[in-house]
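**Student:** Give the three-dimensional model of this entry:
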Amino acid sequence: MILYLLLLAPLLFAALVAMRPAEHARSIALVGTLAAGVVALFAMLQFDYTHADVMQLKASADWIPSLGVTLSVGVDSVSLLLIALTALLGPICVLASWSAITTDRRTYYAWLLILQTAMVGVFAARDLVFFYVCFEFTLIPMYVLISLFGSTNRKKAATKFFLYTFTGSIIALAGLIYVAWFHARSTGGEWTFAIDALATTARTMPLSAQVPVLVALLLGFAVKVPLFPVHTWLPLAHTEAPTAGSVILAGVLLKLGTYGIFRFVLPFVPEAVAAYAPVIAVLSIIGIVYAGLICWVQNDVKKLVAYSSVSHLGFCVLGLFALNQTGISGSVLYMINHGLSTGALFLLIGMVYERYHTRSMHELGGLAAKMPIWATCMVFFAMASVGLPGLNGFVSEFMCMMGVFQADSSWAAAAGKAYTPGATPGPLGPWFALAAGSGVIIAAIYILYMVGKVCFGPLVLPEGHDHHDDDDGHAPKLPTDLNAREILTLAPLAVGCLVLGLYPSPVLDAIEAPVARIVDIYQTADPAPDTREADPAGEFQP
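**Tutor:** This next block holds a predicted model:
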């Protein structure tokens, strides 16, 4: 029942926050997120990593028996690692909001805890309806957090975020219901929403049925990633959200889209994916380069990091559609790494905003002279984001591009075409990797320019903050440089970036088996008779 406990713990503490006086809200929320973190750690210790592709820690309860809908939960190593990331960011977000949120604290922290339950539910759900309810419910807490606690343009940002993602999710629901209906028709009217059963049945659909399902699922999950050209809601939402909202958005909510592609798109409709992977790869590369170029012209530091997320997640999607072990493993690792480094960048920007009430590079510069600890952290996490070897961003970005580079570009010229024995499975190739690699150069330029402008050079502070006074002239609420709470907030993310950069093997070993299951679906595509005869060892037999 440990996964049920992971779901219920934040809800119980959210109720406690709502019932207690507002001055206790942040302390209760911190205890609640720490408790969820302890449960997540216990789940990781209980997990059998020698069978990482098998759903473990399973539990189930009837929900709508007449339709076969259950509250089923279970995790493989991919799901478990993303739950661990969610649990790690929970107390970090509470600590980041400690001094930033001064009004309606009960509302803020209660919805923050409810959001954590919904995100864990997405990764733990083994029933399609349960998954979709959790997937869709994440919109409500985030809408509240942005619209009530965001910046000046928060209402527009929250509304745009909700409408974009809700519309995409409804279209994805249509595709998922079609798969369930196809299963019921194939089994003589037996309805079920068990994800594993539906995945097996979905792969038997003809290409003419798989293509519209692929389009429907991608419209839902690509908006969440977000993938070009349905990315336009993200920069505004990131910019207007409170600091913790931006951290959760970058760290976990965007990964709901890439996780959905990994869990549903790739195993459900392999023939359609094989046929249209190059198209999706082109959209990913456009997003990588286009968002990177937009970052060049940004003066708002937070908006720059927001657009960088569009570029980074383009690599993540590109790795998924390489359809080989290297690319998909790199993508899954990227989901975790991006949450660490980009989440930390949003935290650092929020810490400066609390002190100087601006995010403009025209009004901030040379902060290393006044905030050396902050500047050191900024350089560290910026290097992790840009992919400096030795830090976490390099490993996952390199693996995504290597997977694309190794892929056989002639493999998926038509759906169902057999693999050539000895070829690396996948529909892409070196030209795709080369185009995506240009995004790495672009990222280095805009990240280094931002760090050089904000951290180094002549000291530039907003008018009225030359001595770091508040607007009313009273003593500042925060010290000039980072305090102990803020350093504690950043420390786990820094350790994660360093460990995953120097020694990513434990995570890669953990996700190897579930990724291999996905790759096997494509390697066992029905080959042509001559290919079957040319492969006496049977390596490519279905």
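
**Student:** For the chain, which segments are assigned as strands?
**Tutor:** For the chain, the strands defined by DSSP state E occupy 56-59, 62-64, 69-70, 73-75.

**Student:** where are the low-confidence patches of the stretch 351-500 of the chain?
**Tutor:** For the stretch 351-500 of the chain, the stretches flagged by pLDDT under 70 are 408-427, 464-479.

**Student:** nearest residue to the residue most central in space within the chain other than its sequence neighbours?
**Tutor:** Ranked by distance to the mean C-alpha position of the chain (C-alpha atoms, centre = their mean), the top residue is residue 255 at 2.1 Å. Nearest residue to residue 255, sequence neighbours excluded (C-beta to C-beta, 6 or more residues apart in numbering): residue 335, at 4.6 Å. (C-beta placed from N, C-alpha, C; glycine too.)

**Student:** Check residue 332 too.
**Tutor:** residue 511 (5.1 Å).

**Student:** Quick check: the one you found vs residue 518, distance?
**Tutor:** Taking C-beta to C-beta, to the nearest Å as the measure, residue 511 falls 10 Å from residue 518.

**Student:** what do you get for residue 111?
**Tutor:** Between residue 111 and residue 518 the computed distance is 34 Å (C-beta to C-beta).

**Student:** go on, residue 463?
**Tutor:** Per C-beta to C-beta, residue 463 is found 55 Å from residue 518.

**Student:** Looking at residue 511 and residue 518, which one has more neighbours?
**Tutor:** Set residue 511 next to residue 518 and count neighbours by other C-beta atoms under 10 Å: residue 511 wins out with 25 against 22.

**Student:** That one contacts residue 79, correct?
**Tutor:** No. With contact taken as C-beta atoms under 8 Å, residue 511 and residue 79 are classed as non-touching, separated by 10.3 Å.

**Student:** which residues touch the residue nearest to residue 332?
**Tutor:** Contacts here follow C-beta atoms under 8 Å, 6 or more residues apart in numbering; on that basis residue 511 touches 52, 77-78, 81, 329, 332-333.

**Student:** Which ones among these map onto helices?
**Tutor:** Here DSSP state H is the test, and the contacts of residue 511 give 77-78, 81, 329, 332-333 as lying in helices.

**Student:** Name the member of those residues with the most neighbours.
**Tutor:** Per-residue neighbour counts (other C-beta under 10 Å) across the ones in helices among the contacts of residue 511 peak at residue 332, which has 30 neighbours.

**Student:** can you tell me which residues contact that residue?
**Tutor:** By C-beta under 8 Å, 6+ apart, the contact set of residue 332 is 78, 81, 262, 511, 515.

**Student:** re earlier: ok, of the contacts of residue 511, which one's closest to residue 228?
**Tutor:** Minimum distance to residue 228 across these is 21.2 Å, recorded for residue 332 (C-beta to C-beta).

**Student:** which outside residues touch stretch 139-152?
**Tutor:** With C-beta under 8 Å, 6+ apart, stretch 139-152 has contacts from 101, 104, 107-108, 111-112, 114-115, 118, 154-155, 157-159, 161-162, 165-166, 169, 237, 239-242, 244-245, 248-249, 253.

**Student:** what is the rounded mean pLDDT of stretch 235-251?
**Tutor:** For stretch 235-251, mean pLDDT is 88.

**Student:** per-residue confidence at residue 527?
**Tutor:** Residue 527 carries a pLDDT score of 34 in this model.
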